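K.L.:
using only what follows, build the 3D model:
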Amino acid sequence: MKAILYVSQAEQAFDANALTELLQQAQERNQSVNVTGYLYFKAPYFFQYLESEADEAAEIMASIEKDPRHKVMAMFSEEFEGNRRFGEWSMKFINQQGLPRLILEQVIIDDMLSMNDEVYRNEERWQKNILKMVATIARNQQQQAQQPRQPM
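P.N.:
Numbering: from 1, shown residues only. Down below sits the predicted model:
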């Protein structure tokens, strides 16, 4: 499997309608080429995780980098063995209400934006830490999906 993670900064305002439209476009595109993943947004930053079996995620990333609605600030990719981390999601949108108390996406955004600082001299270790956070997010989302819904 191949995965791409990136943080970008919005170049325009994204209200609920603009986010819904962006998400629908991503879901349709990703589903058509068998890419899965998720998108997190907290103004002005996006964090997105894309995964595919071949180079489809990289092809989508190339089009994302050309999108004038935002500017990619940091990005890296990885290859891994095994199943997709987010196999059920053509593009899931995660917001702060759907996350555990510690908002791991915000930690990832902060870390990826700081990658040029002197603190991050060991890029391999930094990437491994971010990938561990993504695995935790996947595990948390799977556990939430398995819990029975409480009646209101």
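K.L.:
please identify the buried residues of the lengthiest helix in the chain?
P.N.:
Longest helix of the chain, by residue count under DSSP state H: helix 123-146. For helix 123-146, the neighbour count (16 or more other CB atoms under 10 Å) marks Trp126, Gln127, Ile130, Leu131, Met133, Val134, Ile137, Ala138, Asn140, Gln141 as buried. Bear in mind the C-beta positions are built from the backbone N, C-alpha and C, glycine included.
K.L.:
with pLDDT as extra columns, can I get the residues you listed in CSV?
P.N.:
Shown next, in CSV, are the buried residues of helix 123-146 (pLDDT from 0 to 100):
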residue, pLDDT
Trp126, 69
Gln127, 73
Ile130, 75
Leu131, 78
Met133, 77
Val134, 80
Ile137, 77
Ala138, 81
Asn140, 77
Gln141, 76
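K.L.:
secondary structure class for the residue lying closest to Leu19 once chain neighbours are set aside?
P.N.:
Leaving aside its chain neighbours, Leu19 sits nearest to Phe41 (6.2 Å; criterion: CB to CB, 6 or more residues apart in numbering). In the three-state summary, Phe41 is assigned as strand, counting by DSSP: H, G, I helix; E, B strand; the rest coil.
K.L.:
which residues touch Phe41?
P.N.:
The contact partners of Phe41, taken as CB atoms under 8 Å, 6 or more residues apart in numbering, are Phe14, Leu19, Phe47, Phe93, Asn95.
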